[in-house]
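Asker: give me the fold of what follows.
(2 chains)
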Amino acid sequence: MKRDRKLQTQLLRLAGHVGALVPLALLLFDWQTDGFGPDPVREITLRTGKAAIILLVASLAVTPLKLIFGWNQLHPLRRNLGLYAFAYVSLHLLTFVWLDYGLSWALIQEAIFEKWYALVGFGAFLILLPLALTSSQWSMKKLGKRWTKLHKWVYVAGILAALHYILLVKNTYTQPFIFASILAVLLLVRLAPIKQQVIRWRRNLKRKKSAQISTH
Amino acid sequence: MLIKKRTGYEIPSSEITPEQVYLNRRSFMKGATLAAAGALLAACGPDMSGAPKGSAPADGVAPTPGATGAATDELGDPLNTYDDIITYNNYYEFSTDKDGPAKLATNFPTSPWQVAVGGLVANPGTYDINDLRTKFDQEERIYRLRCVEAWSMVIPWLGFPLSKLLDEVQPTADAKYVRFETILDPENMPGQKSPWFDWPYVEGLRLDEAMNELTLLATGLYGKDLLPQNGAPIRLVTPWKYGFKSIKSIVKIDLVADMPTSLWMDSAPREYGFYANVNPDVPHPRWSQASERRIGELGRRPTLKFNGYEEQVAYLYEGMDLRANF
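Answerer: Next comes the predicted model:
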């Protein structure tokens, strides 16, 4: 039983790595084969951005899934997904300042101060940076209670990421709204009153189940 | 098909190119040898299929000459490849993905096709697309296309000035604006089922803008008839305005007294105005318009006022506040 659990965790971890690395593999493949179409900079920007937001939402989904369905085996995925999200955010930012803006400070400055979405996205990066740097077990122990407090900032990063997406599309809001709604649910579940409700509901469900088993 | 070379307004490139842009044109310099090779090839015949597909993302874009043999615009920038122009499209009637229209528009019926021209005119009429192609001399016009999303292309259009058609229908004294409408055909245009917009697509020009020499009704590009993803069989081209003004697949042109409300003005009035002139000094509310990415190049180039056509169009806006009239 215990060994099964361990194997399951390992498999999940592996699936997390593979899933998170697929977008990178596709990027490298298309880079090598000129597969990005007429506007490679745009394509790379969109793909790294999308991978980042999906992984960020996925890492934010771990805790609610544990809470609602009791899938505790997902727990080790949380950090990896978060770190992968940060890696794609970094690639995304690098694409913007380097591939797109050619490290031209004057143009970047203009873009950041005129484009709200650039500023909002950069804000998300600035929040995620210290979180990525303090993601090790060692920092966790070292920082103690402050670690939990610090890492709550990921919620703000998530909100900024969703806003960043909404701000940059041209009137076709379907996809950004889907991300924003999923994120809203994931954050709302964490609010104390809702969380208590979910815990109570789960406890009742368990009691009913065990009662059923004992009567049979 | 008669193809007449444009002669009206050749400007020496040294007069019009700002030094900053000139210095920035690294891709052009790098591509110069390829350009020479391209020009040599052009002498052998108008082979458009020879456009090197794989070279697109690299800095050195090999220019393909247009129907008249020119390989660059008047600023010396190479034409975008035929392949880029027919696969990278904004045409929300089909898809919001750049490569979507080319895939979804293949079976779009563009024949038979009629354009109804009416409203405040003395001589209204419905024109068959084939008549429009033969009635008016088709000229090649090499224009820059600057999208509001801050990317751009150089495209060798084929078409005729809108002014010729307007002369034919004779606008009355009350006519102040021209209103254009795209076909409404949700069966063949899946994007027209999207609830985000109030279809069909509508655009408008002030009458003097419509009469300007640059304003073109295009029926082709690179010497061939337009493909559906580029707005077949007939579309507007106003190169000093953002791309969305250049309405595609036109079925209706009306002369009107009041300023028409375009589809974009209707869906986001704070972001898209009637004029939509390319202007690096007037940012879109959510993003900058100071620079742009030329498709086929890495990096950015500064955006030019009126997309580099200041000399031809600045008089239209004298005394107007371009920030208020965005």
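
Asker: now the spatially most central residue of chain B, nearest residue through space, not along the chain?
Answerer: The residue lying closest to the centre of chain B (C-alpha atoms, centre = their mean) is B:V237, at 3.6 Å. Of all residues beyond its chain neighbours, the one nearest B:V237 is B:L216 (4.3 Å), with distances taken as C-beta to C-beta, 6 or more residues apart in numbering or on different chains. Bear in mind the C-beta positions are built from the backbone N, C-alpha and C, glycine included.

Asker: wait, isn't that neighbour in contact with B:S163?
Answerer: No: between B:L216 and B:S163 there is no contact under C-beta atoms under 8 Å: 9.8 Å.

Asker: between the two, which is the more surrounded one?
Answerer: B:L216 (23 against 15; other C-beta atoms under 10 Å in any protein chain shown).

Asker: so who does the residue nearest to B:V237 touch?
Answerer: Each residue near B:L216 by C-beta atoms under 8 Å, 6 or more residues apart in numbering or on different chains is listed here: B:R141, B:Y143, B:W157, B:G159, B:F160, B:P161, B:L162, B:L236, B:V237, B:T238.

Asker: can you tell me which of the residues you listed are in strands?
Answerer: B:R141, B:Y143, B:W157, B:G159, B:F160, B:P161, B:L236, B:V237 (DSSP state E).

Asker: need the contact list for B:K241.
Answerer: Counting by C-beta under 8 Å, 6+ apart, B:K241 has contacts B:Y275, B:A276, B:N277, B:V278, B:N307.

Asker: typed the wrong thing, it's B:V202
Answerer: B:R179, B:F180, B:E181, B:T182, B:I247, B:P260, B:T261, B:S262, B:L263, B:D266 are the contacts of B:V202 under C-beta under 8 Å, 6+ apart.

Asker: surely the first one is within a helix?
Answerer: Put plainly, it is B:R179. No: assessed with DSSP: H, G, I helix; E, B strand; the rest coil, B:R179 is strand; it does not lie in a helix.

Asker: what's the local residue count around it?
Answerer: Counted with other C-beta under 10 Å, B:R179 comes out at 20.

Asker: torsion angles phi and psi at the residue nearest to B:V237?
Answerer: Torsion angles at B:L216 (phi, psi; degrees, to the nearest 10) stand at phi -120, psi 140.

Asker: bridging residues for it?
Answerer: Beta-bridge pairing for B:L216 (DSSP bridges): B:P161, B:V237.

Asker: let me see the contact set for the nearest residue to B:R206 once chain neighbours are set aside.
Answerer: Closest residue to B:R206 apart from its sequence neighbours, by C-beta to C-beta, 6+ apart: B:Y177 at 5.8 Å. The contact partners of B:Y177, by C-beta under 8 Å, 6+ apart, come to B:G204, B:L205, B:R206, B:L207, B:L255, B:V256, B:A257, B:D258, B:M259, B:P260.

Asker: can you list those residues in a markdown table and add distance to A:W147, pLDDT and secondary structure?
Answerer: Listed next are the contacts of B:Y177 as a markdown table, based on distance: C-beta to C-beta, whole Å; pLDDT from 0 to 100; DSSP: H, G, I helix; E, B strand; the rest coil:
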| residue | distance to A:W147 | pLDDT | secondary structure |
| --- | --- | --- | --- |
| B:G204 | 59 | 98 | strand |
| B:L205 | 61 | 98 | strand |
| B:R206 | 62 | 98 | strand |
| B:L207 | 67 | 98 | helix |
| B:L255 | 70 | 98 | strand |
| B:V256 | 66 | 98 | strand |
| B:A257 | 68 | 98 | coil |
| B:D258 | 64 | 98 | coil |
| B:M259 | 60 | 98 | coil |
| B:P260 | 60 | 98 | coil |
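
Asker: just the buried ones from those, in ChimeraX syntax?
Answerer: Buried residues among the contacts of B:Y177 (16 or more other C-beta atoms under 10 Å in any protein chain shown), as a ChimeraX selection:
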select /B:204,205,206,207,255,256,260
